[in-house]
Structure formats: C-alpha cells, structure tokens
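Visitor: when you get a sec, could you give me coordinates for this:
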Amino acid sequence: MKQYFSLLVGPLMAACGAPTNSGQTSTTTGDTSRPASVETRKPVTDYTPAFPGQTRAAAVSTATPWAGTVLTRDLDKPWGIGVLPDGRLLITEKKGTMRLVSTGGAVSGPITGIQAVNSSGQGGLLGIAIDPDFANNRTIFWSFSERLPEGNLTAVARGRLAADERTIEGATVIYRATPAYSGNLHYGSRIVIDKEGNLLVSTGERSDLETRPQAQDLNSALGKIVRITKEGKPAAGNPFAGRAGARPELYSYGHRNVQGLAFHPVTGDLWENEFGPRAGDELNRVEPGKNYGWPTITYGYEYSGARIGDALTEKEGMEQPVYYWDPVLSPSGMTFYSGNAVAEWKHNLFIAGLNSNHIARLVLRDNRVVGEERLLRSEGQRFRDVAEGRDGALYAVTDEGRLYRIAKK
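Guide: Sure thing, here's the model as predicted:
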C-alpha cells in the first residue's frame, strides 16, 4: 500500500505565520524581530544561544509538490542505508542482518556471514558504507556493537557481498573503539568515506557518568570521530598523529553520541549530528583536531532535570554547535541532497528524527541554519536513517520497519 503527502505552500508563508507541513501554526518565541520558528513548544532549558539563529531557525515550507511513499513495512528495526551502484539499497537491521531492497520495495531474504552482534539496548548492526569501487570489488563496511570478555564496544568490519547476494564473504573486524565497557548505550555509529578513500567513523561515549569524561580523553576512542584506512589503520594526516598521549586515529573529540555523518556535496566539509541529553541535540561542522565540548559544555540538562557539570554552554577552546534543538530532535542518520528534481532542496540537509517523529529539512547558508521544515511528521514514525538514492529521491527507514521514498510528484 502506498501513502502520499504533498505540499503546495510557498516557501515564505511559514515565516509569515502560515501553517507548516508539520501540522502546527508557527509562532514566535518571544523575539518579535525574528521570523517564526517551526518549533512551538517551550524550551526545556533556560540557556541563551551563543549567537542569533543557533536554535529555532525560521520555518520554511517546500513549494514543489512532493510525495512520501511507503515502499515496504517488512523490515525489522532497520538502522542504516547503503546505496549500491545499481540503485538498490543495502539496509542493516539492528538484530544483525542485512537485506537488499529494490527502489520498488522488494525485500531480499537475510544476508548472512557477518559477525555476531550484541543487540541489547542501543546496540546491534549499525552504520554501513559502500566502497566507491564496489562495482569492481563488491566491498562494504559496517559498524556494530561487539561483545568481548571485558565488555561491549563499537567495532568496524569489512567484507564482500557474494555474487549470489546471499552472504558476506571474508567478514573481518578492522577496528575496535576501545576501551570496552559493560553498558549497552551510546555506540554511535555512522560511517562515511572521504575523497582519499579513508573511513570516518563516529563513536559514542557510552552514556554513563563513569565513561562520559572519556569524550575529552585523547587516549580513548569513546565520544570521538575516528579516521582510519580501509584496513583499519590510522589515516595519514590525522591531527593527533605523533602526539604523545593521543591516539593517531582520532579526528575530532568531545562528542556525546554521534548517529549522523555527511559530507557537504560542494565544500566537502564533514558535518555531524549528535544526541544531547534532555535538550541540546547538536549539529556541528567538523574540523580536524577540534573539541566539541561534551561533557564540559552543553545546551542540555540531565534527564533528571539537573544541570550538567558546571552548567556551561561556552568555554575557550571548545567549539559551539552550528545549531541545537531544545526540545530535542533526537537526530540519527542524515544526508545532504545533491539532486536536481526538487530544486529548492539543493544542498539542504535532511536529518532523521527519532522521538520527534519527523525528518528535519535544514536550509544552510554560510555554515549557518537559516530555515527548518518538518517532513512526514503525521506518520508517527521514529526515523532512523535517510539517504539519497541514485534516482535523486530520498529514502528513509524507521524503527517500526518502514522504508519511505521521498520525491517530487
């Protein structure tokens, strides 16, 4: 069965207070000098943004008619989407299987041959990346939560999709984000491949007060983005190479739980999103060697409502988020749109929202968010990942097992 959604509202109407496609009426948040935001709820925290537009950007609406089509409801907790050269989607499922799905919604049987995953809590089979030379080598990379005698950790593996597409051949773990820990939260983990052919992999700081400080520890892989070769070694040119007390694979640090990574299609800049605690979800433009602050600075509270640490939102030597959400978006996978079918989406950022039950469309200008829209909110789904297909459409998966195609009507 297919379900369709379309919007014919001009892109400036939302900023003037007209209904957005979130089903809400935009209102200002007390600052009458700023256009209305798509967010109408009260903030959870009482923190002040570091600069105008750092949160609650102006609401925008897509003028081009578009449709969100449910292609299948038969996936089992899908987590990551990889796009093959022929346009089919290779999708990871949390419990430890991969499936091939056509752009028409035909779902393969489970692809076997990978390592056992620990799917308890937030663990499981997580991010996936397709080798740029897949047409010749059939290589893929994936991340997963691995159980070891000393605890659990985020691991990265590689293997080849067999010619019969039923198994992964030669599955090998190439990197482990140590130290292991007995908890089952905050593993990250997305994978993207840079223009040099290296993998950038995000990790979480494993959530608990015991492990949280390791996001600031350069001798730990927790709460980091790491940059490694396809063999799992530290990539050449990494910012901490040769520095005593620092791991050579580290690319950036001070992260909480990064589940979104994407390269800007024009600038090549790496962008990430990460979960805040109670409020304070972040969008960051990642620069090598930079410290993104967690847990020293944050725009969120503890889930109990208590302040975190010294209740700081700024500190010298720590980067400010480009954007943050209060209340939360609960951001997971994300992608920049580089297609031409919906011209007004060109180079916009699309982020899958979990607890928020929508896909956030962000309009960027000069590395700032200048507009925000909510897509498919009426569906009531926890959106886990979104990727651009070879056909110029967006494809999104939900925790509830759906795959959506989002495209011009």
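
Visitor: only C-alpha atoms for contact and neighbour calcs from this point on.
Guide: Noted.

Visitor: output stretch 205-222 in PDB with nothing but the alpha carbons.
Guide: This file holds the C-alpha atoms of stretch 205-222, laid out as PDB (Å, rounded to 0.1, in the frame of the first residue of the first chain):
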ATOM      1  CA  GLU A 205      30.900   7.900  25.000                       C
ATOM      2  CA  ARG A 206      28.800   5.000  26.300                       C
ATOM      3  CA  SER A 207      26.400   7.400  28.300                       C
ATOM      4  CA  ASP A 208      27.300   6.600  31.900                       C
ATOM      5  CA  LEU A 209      28.900   9.000  34.300                       C
ATOM      6  CA  GLU A 210      31.800   6.600  34.500                       C
ATOM      7  CA  THR A 211      32.600   6.800  30.800                       C
ATOM      8  CA  ARG A 212      31.400  10.200  30.000                       C
ATOM      9  CA  PRO A 213      34.700  12.000  30.700                       C
ATOM     10  CA  GLN A 214      36.400   9.900  28.100                       C
ATOM     11  CA  ALA A 215      34.900  12.100  25.400                       C
ATOM     12  CA  GLN A 216      37.600  14.600  26.400                       C
ATOM     13  CA  ASP A 217      40.400  11.900  26.700                       C
ATOM     14  CA  LEU A 218      42.600  11.800  23.700                       C
ATOM     15  CA  ASN A 219      43.800   8.300  24.700                       C
ATOM     16  CA  SER A 220      40.300   6.900  24.400                       C
ATOM     17  CA  ALA A 221      38.200   6.200  21.300                       C
ATOM     18  CA  LEU A 222      34.900   6.900  23.100                       C
END
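
Visitor: which other residues reach it?
Guide: Surrounding stretch 205-222, the residues in contact under the criterion C-alpha atoms under 8 Å, 6 or more residues apart in numbering are 177-179, 181, 183-187, 203-204, 223-224, 245-247, 250, 253-257, 291, 293-295.

Visitor: in that stretch, which residues are buried?
Guide: Buried residues in stretch 205-222, counted by 16 or more other C-alpha atoms under 10 Å: 205-207, 211-222.

Visitor: next one: stretch 281-293
Guide: The neighbour-count check on stretch 281-293 (16+ other C-alpha under 10 Å) flags Asp281, Glu282, Leu283, Asn284, Arg285, Val286, Pro288, Asn291, Tyr292, Gly293 as buried.

Visitor: can you add distance to Glu272, secondary structure and pLDDT and give those residues back as CSV?
Guide: Shown next, in CSV, are those (distance: C-alpha to C-alpha, whole Å; DSSP: H, G, I helix; E, B strand; the rest coil; pLDDT from 0 to 100):
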residue, distance to Glu272, secondary structure, pLDDT
Asp281, 11, strand, 98
Glu282, 8, strand, 98
Leu283, 6, strand, 98
Asn284, 5, strand, 98
Arg285, 6, strand, 98
Val286, 7, strand, 98
Pro288, 13, coil, 98
Asn291, 13, strand, 98
Tyr292, 11, coil, 98
Gly293, 14, coil, 98
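
Visitor: so which of those comes closest to His358?
Guide: Sorting the buried residues of stretch 281-293 by how near they are to His358, with C-alpha to C-alpha, puts Asp281 at the top with 14.8 Å.

Visitor: show me where the stretch 251-400 of the chain has its strands.
Guide: 258-263, 270-274, 281-286, 323-325, 331-336, 349-353, 359-365, 368-375, 383-388, 394-398 (DSSP state E, counting those that start in this stretch).

Visitor: among those, which is nearest Ala59?
Guide: Nearest of those to Ala59, taken as C-alpha to C-alpha: strand 368-375 at 5.1 Å.

Visitor: now do the closest one: everything it contacts.
Guide: With C-alpha under 8 Å, 6+ apart, strand 368-375 has contacts from 20-22, 37-38, 53-54, 57-61, 322-323, 358-364.

Visitor: swap in stretch 89-104?
Guide: For stretch 89-104, contacts defined as C-alpha under 8 Å, 6+ apart pick out 71, 75-84, 87-88, 107-112, 114, 116-119, 123-128, 405.

Visitor: next, format the buried residues of stretch 281-293 as TSV and append distance to Asn198.
Guide: Below are the buried residues of stretch 281-293 laid out as TSV (distance: C-alpha to C-alpha, whole Å):
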residue	distance to Asn198
Asp281	27
Glu282	25
Leu283	22
Asn284	20
Arg285	18
Val286	16
Pro288	14
Asn291	21
Tyr292	22
Gly293	25
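
Visitor: contacts only, for Ala360.
Guide: Neighbouring residues of Ala360 by C-alpha under 8 Å, 6+ apart: Leu349, Phe350, Ile351, Ala352, Gly353, Glu372, Glu373, Arg374, Leu375.

Visitor: out of the residues you listed, which end up buried?
Guide: Buried members of the contacts of Ala360, scored by 16+ other C-alpha under 10 Å, are Leu349, Phe350, Ile351, Ala352, Gly353, Glu372, Glu373, Arg374, Leu375.

Visitor: pick the one among the residues you listed closest to Ser330.
Guide: For these, the nearest to Ser330 is Gly353 (5.3 Å; C-alpha to C-alpha).

Visitor: quick check: beta-bridge partners of that closest one?
Guide: Pro331 (DSSP bridges).

Visitor: what's near enough to touch it?
Guide: Counting by C-alpha under 8 Å, 6+ apart, Gly353 has contacts Leu329, Ser330, Pro331, Ser332, Ile359, Ala360, Arg382, Phe383, Arg384.

Visitor: same check, this time on Asn152
Guide: Asn118, Ser145, Glu146, Ala180, Tyr181, Ser182, Gly183, Asn184.

Visitor: nearest to Asp391, of those residues?
Guide: Ser145 (31.9 Å).

Visitor: not counting its neighbours along the chain, what's nearest that closest one?
Guide: Thr154 (4.7 Å; C-alpha to C-alpha, 6 or more residues apart in numbering).

Visitor: now do Val38
Guide: Val38's closest residue in space is Ala59 (C-alpha to C-alpha, 6+ apart), at 4.7 Å.

Visitor: okay, now the one you found: neighbour count?
Guide: Using other C-alpha atoms under 10 Å, Ala59 has 31 other residues around it.

Visitor: the one 10 residues further on too?
Guide: Taking other C-alpha under 10 Å as the neighbour definition, Thr69 ends up with a count of 17.

Visitor: quick one: it and Tyr404 touch, right?
Guide: Yes. Taking contacts as C-alpha atoms under 8 Å, Thr69 lies within contact range of Tyr404: 5.3 Å.
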